[in-house]
Structures are given as C-alpha cells and as structure tokens.
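A.B. asks: structural data only, the sequence is not supplied:
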Ligand SMILES: Nc1ncnc2c1ncn2[C@@H]1O[C@H](COP(=O)(O)OP(=O)(O)OP(=O)(O)O)[C@@H](O)[C@H]1O
C-alpha cells in the first residue's frame with residue numbers, strides 16, 4: 001500500500017481487467033515530483049494500461065489513482081494544461097502537418113516552448129511540413145514527444161519514448177528527458193529497455209503480470225554486488241575453480257566460452273581466478289568486473305528474461 005502523499009502520481013492497488021484477463025493486478029507505486037520514474041517490464045506486463053489510467057484515458061476497475069493530487073477522470077479539465085502525454089500510438093491526427101500542429105498545441109498553453117526550436121532539436125525541421133501519416137515511425141514518435149512537452153507541463157507521461165528510434169534520435173530523446181528533469185518536470189515513462197531505465201530514472205518500478213515485482217533507484221535495485229565476467233575456451237572445470245573461491249560464490253558458463261563468477265569481488269578473488277586460469281593454461285579475454293544489471297535483477301525475480 002502506498003501512503004497518500006504529495007507525489008506526482010500515486011497509485012494504490014490498481015486493478016484493470018479486459019474481459020476475463022487481468023492486465024493490472026493490484027499495482028501500487030508513487031512517482032515523486034521532479035523525478036523520472038520508469039515502469040519497466042516485458043511486453044504485456046500492463047505498463048500501457050497503467051499509464052493510460054493515469055492519463056484518464058481508461059478507468060480502473062478498482063484501486064485509486066491521484067495525478068498531481070487530482071483524479072485523472074473527474075479532474076481532467078484541470079489536469080489537461082498541466083500534464084503532457086505521449087501515447088504509444090502517436091496521438092496526432094494523420095493529416096496534421098508537423099510544425100502547424102505543434103504551433104497549434106503550443107497556442108493552447110500560457111508559456112510554451114518555441115515549436116521551431118523543439119522540432120530542430122528533435123531532428124524534425126526538414127519534416128516540418130510533412131503530414132503525420134506520411135512520417136516514418138521514428139519521426140512520428142519524436143513529433144508525439146514534442147507535442148507532449150511543448151506546453152511546459154508539470155508532469156509528462158511518455159509511453160515507450162525511444163522504442164524503434166535510431167541511436168541519434170534516441171540520444172536526442174534522452175537528452176530532452178534529462179532537461180525536463182533538470183527543469184523540475186515530473187516524468188513517468190514506460191520502457192522495456194533497461195539501459196534507458198538505468199540511465200534516465202531516479203526510480204524504476206519493475207512490473208510483471210500487472211504487479212510490481214521490485215522498485216527503487218537503479219543503484220538500489222542492482223545493489224553494490226559485483227560480478228566478474230570473462231571469455232575463455234569452452235568447457236573449463238568450474239567445479240574445480242569454485243573450490244578455490246570463497247564459500248557462497250557461484251560460477252556459470254553461458255553461452256559456451258562466456259563465464260560469469262558471482263562472488264564478493266575483491267583483489268584476492270581476481271588474483272585467485274587469474275592464477276587458476278594461468279595454472280590451467282587458460283587465456284582469458286574481456287575480463288571485467290561489473291555491477292549486476294536490471295536485466296539480471298529481472299531474471300532473478302521472475303526467472304525470465306526481460307527481452308523475451
Ligand atoms: N484493449 C484491450 N483489450 C483486451 N486486452 C488488452 C487491451 N489492452 C491491453 N490488453 C491486454 O492487457 C495486457 C497488458 O497490456 P499492456 O499493453 O498494458 O502491456 P504493456 O506492458 O504496455 O506491453 P507492451 O510493452 O507490449 O506495450 C496484455 O495481455 C494485453 O494483451
């Protein structure tokens with residue numbers, strides 16, 4: 001249960017069913033003001049449904065939702081000028097021309113951003129006169145992002161803001177999100193890209209089968225634990241290597257020739273592993289010490305890969 005407070009978004013035991021299927025199954029979390037909160041989860045986890053309930057586009061079957069302290073459906077008019085929305089499906093009329101539409105949306109707001117400058121920084125200047133339906137998927141996505149932020153909202157909902165974008169466009173998107181945060185805007189986004197969640201978020205809410213399975217800052221979720229990875233010839237005798245390592249260590253080879261040692265990584269541990277390799281004539285490549293990733297955390301919690 002979340003305690004009622006002053007969050008940008010507060011959800012308490014939210015439930016949404018489609019027929020007999022439960023898409024959102026008692027989900028609770030709060031997104032702090034001025035922070036970036038990411039809902040991270042695989043396809044079908046219930047992220048879009050959750051965010052659409054926050055946007056007031058869908059009604060929950062049970063539970064409560066507060067957005068900037070208000071009810072997204074009953075207080076829709078009050079929230080509209082304060083909240084920016086980037087839906088997964090674009091949300092721009094097919095015949096609308098990029099610059100014209102963005103200027104129109106800007107005109108509804110008291111202190112909008114400069115539409116032309118926003119188009120330029122999202123790499124859309126040459127498509128300013130292109131109709132939305134004639135744009136590529138990535139261009140449409142960037143225009144939707146521009147539409148969501150042009151009014152300088154207090155809070156923005158971004159549904160998969162960088163899915164399908166090329167690296168340059170993804171970076172422009174990430175930089176814009178970082179600037180929104182620096183300007184004190186609250187951002188709630190959905191993603192199944194753990195790099196995006198890890199890089200941008202103050203808080204990550206991992207969702208699976210409509211439930212929160214873990215939440216915290218990326219650092220809290222991945223912990224201080226480190227792991228050692230290296231590549232070497234396939235089929236090393238890991239049982240023997242393990243017997244040389246401190247109790248509680250784990251070692252696995254997956255895929256062939258890729259080794260992972262999960263242990264309390266210390267200078268001594270590193271020396272033990274490299275000495276063991278040397279004494280067996282094993283040349284290691286790509287030896288590196290790293291933190292667990294959100295992907296590792298997800299796998300541990302659900303037994304499945306996030307990408308699946
Ligand atoms: N309008 C709908 N009618 C019936 N079922 C739906 C509808 N929208 C979503 N669902 C189902 O609800 C579940 C959650 O879907 P949702 O789109 O919220 O997940 P998601 O986490 O956003 O997934 P993705 O990453 O693929 O967008 C899925 O099983 C989906 O098939």
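C.D. replies: Looks like it came in fine. Everything quoted here is computed from the prediction, not taken from an experiment. Numbers count the residues shown, from 1 in each chain.
A.B. asks: all strands of this structure, in order?
C.D. replies: Secondary structure of the chain (DSSP state E): strands at 9-18, 21-31, 36-40, 62-67, 83-86, 155-159, 186-191, 203-208, 211-216, 226-231, 250-253, 258-262, 285-291.
A.B. asks: quick check: residues of the protein near the ligand?
C.D. replies: Applying the criterion C-beta under 6 Å from any ligand atom, the portion of the chain that neighbours the ligand consists of 18, 21, 23, 41, 43-49, 192. (Each C-beta comes from the backbone N, C-alpha and C, glycine too.)
A.B. asks: how near is residue 58 to residue 189?
C.D. replies: 18 Å (C-beta to C-beta, to the nearest Å).
A.B. asks: looking at the two, which has the bigger crowd around it?
C.D. replies: For residue 58 versus residue 189, the count of surrounding residues by other C-beta atoms under 10 Å is larger for residue 189: 25 against 19.
A.B. asks: contacts only, for the nearest residue to that one once chain neighbours are set aside.
C.D. replies: If the residues on either side of it in the chain are set aside, residue 189 comes closest to residue 158, at 4.1 Å by C-beta to C-beta, 6 or more residues apart in numbering. For residue 158, the contacting residues are 86, 145, 148, 177, 187-190, taking C-beta atoms under 8 Å, 6 or more residues apart in numbering as the criterion.
A.B. asks: got it, and residue 270?
C.D. replies: Residues in contact with residue 270 (C-beta under 8 Å, 6+ apart) are 228, 289.
A.B. asks: and it, how far from residue 232?
C.D. replies: 15 Å.
A.B. asks: run the chain-centre distance for stretch 260-275.
C.D. replies: In terms of C-alpha atoms, centre = their mean, to the nearest Å, the centre of stretch 260-275 is found 32 Å from the chain centre.
A.B. asks: to clarify, my last question referred to stretch 114-122.
C.D. replies: Taking C-alpha atoms, centre = their mean, one finds the center of stretch 114-122 at 24 Å from the center of the full chain.
A.B. asks: with stretch 19-37 instead?
C.D. replies: Using C-alpha atoms, centre = their mean, we find the averaged C-alpha position of stretch 19-37 to lie 13 Å away from the chain's own average C-alpha position.
A.B. asks: so where's this structure uncertain?
C.D. replies: Across the chain, the ranges flagged by pLDDT under 70 are 1-5, 224, 307-308.
A.B. asks: and the longest helix for it?
C.D. replies: What stands out as the longest helix in the chain, according to DSSP state H, is helix 167-182.
A.B. asks: by how many degrees do that helix and strand 155-159 diverge?
C.D. replies: 150 degrees (axes from the mean of the first three to the mean of the last three C-alpha atoms, to 10 degrees).
A.B. asks: mind listing what's buried in helix 167-182?
C.D. replies: Neighbour-count burial for helix 167-182, counted by 16 or more other C-beta atoms under 10 Å, picks out 169-170, 172-174, 176-177, 180-181.
A.B. asks: any residues touching it, and which ones?
C.D. replies: Under the criterion C-beta under 8 Å, 6+ apart, residues 34-36, 121-123, 138, 141-142, 145, 149, 156, 158, 161-162, 165, 187, 189, 196, 199-200, 202 lie in contact with helix 167-182.
A.B. asks: do you have the helices of the stretch 51-200 of the chain handy? List them.
C.D. replies: Counting by DSSP state H, counting those that start in this stretch, one finds helices in the stretch 51-200 of the chain at the ranges 76-79, 98-107, 115-121, 137-149, 167-182, 194-200.
A.B. asks: quick check: domain ranges of the chain?
C.D. replies: By the record's domain assignment, the chain is partitioned as 7-220, 224-291 (the TED database).
A.B. asks: just name the most buried of those.
C.D. replies: Scoring those by mean neighbour count under mean count of other C-beta atoms under 10 Å gives domain 7-220 as the most buried, with a mean of 19.
A.B. asks: and that domain, how far out from the chain middle?
C.D. replies: For domain 7-220 - counting by C-alpha atoms, centre = their mean - the centre lies 11 Å from the chain centre.
A.B. asks: just the endpoints, please. Distance across stretch 32-45?
C.D. replies: Between the opening and closing residues of stretch 32-45 we find a distance of 22 Å, counting by C-alpha to C-alpha, to the nearest Å.
A.B. asks: ok, and what's touching it?
C.D. replies: With C-beta under 8 Å, 6+ apart as the contact definition, stretch 32-45 has outside contacts at 6-9, 29, 31, 47, 50-51, 177, 181, 184-192, 194, 196-197, 200-210, 294, 298, 304, 306-308.
A.B. asks: can you name the residue of the stretch 51-200 of the chain nearest to the ligand?
C.D. replies: Across the stretch 51-200 of the chain, the shortest distance to the ligand (C-beta to the nearest ligand atom) belongs to residue 192, at 5.5 Å.
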